[in-house]
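A.B. asks: how would this look folded up:
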Amino acid sequence: VLADTEAATGCDLGDLADMDQGETEEDDEADEVEEDVGHRLPAVKVLSTAEEAAAHKLEDVVLPLPGSDVQYPPNLAVAYEELSQQLLGLKVADFENCKLVPLSG
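C.D. replies: Numbering: from 1, shown residues only. Have a look, this model is predicted:
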């Protein structure tokens, strides 16, 4: 059974929402300048209340790739750990501690 907020918006409590969604054209131009300087991960927020989940669209939800500088959705932390171990033979912490090849996710 879907929660009321999930049925209405596709978002669920614990999802990570991209806080850069809905930017203006000026913000996009500023991002292009930042991209020239270096890659940055999008700012994300954990949707922790029904109101926050209802205020976001499914397009705002991000599912990060494993990496050294990554925030994982709390509602999927166990799934990330299990899949990482099953598919890659690595723990999520192995990505965080990687010094040889830093992966930003």
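A.B. asks: For this structure, which segments count as strands?
C.D. replies: Assigned by DSSP state E, the chain shows strands spanning 16-18, 44-46, 61-62.
A.B. asks: can you put those strands in a markdown table and add distance to Q85 and mean pLDDT?
C.D. replies: From N, CA and C alone the C-beta is placed, and that goes for glycine too. Shown next, in a markdown table, are the strands of the chain (distance: least, Cβ to Cβ, whole Å; pLDDT from 0 to 100):
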| stretch | distance to Q85 | mean pLDDT |
| --- | --- | --- |
| strand 16-18 | 21 | 93 |
| strand 44-46 | 23 | 92 |
| strand 61-62 | 22 | 92 |
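A.B. asks: Pick the most deeply packed of those strands.
C.D. replies: Mean neighbour count (mean count of other Cβ atoms under 10 Å) peaks for strand 16-18 among the strands of the chain, with a mean of 21.
A.B. asks: could you dump the strands of the chain to JSON lines with distance to K99?
C.D. replies: Shown next, in JSON lines, are those (distance: least, Cβ to Cβ, whole Å):
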{"stretch": "strand 16-18", "distance to K99": "26"}
{"stretch": "strand 44-46", "distance to K99": "24"}
{"stretch": "strand 61-62", "distance to K99": "25"}
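A.B. asks: among those strands, which is nearest P73?
C.D. replies: Evaluated over these, closeness to P73 peaks at strand 16-18, with 4.7 Å, by Cβ to Cβ.
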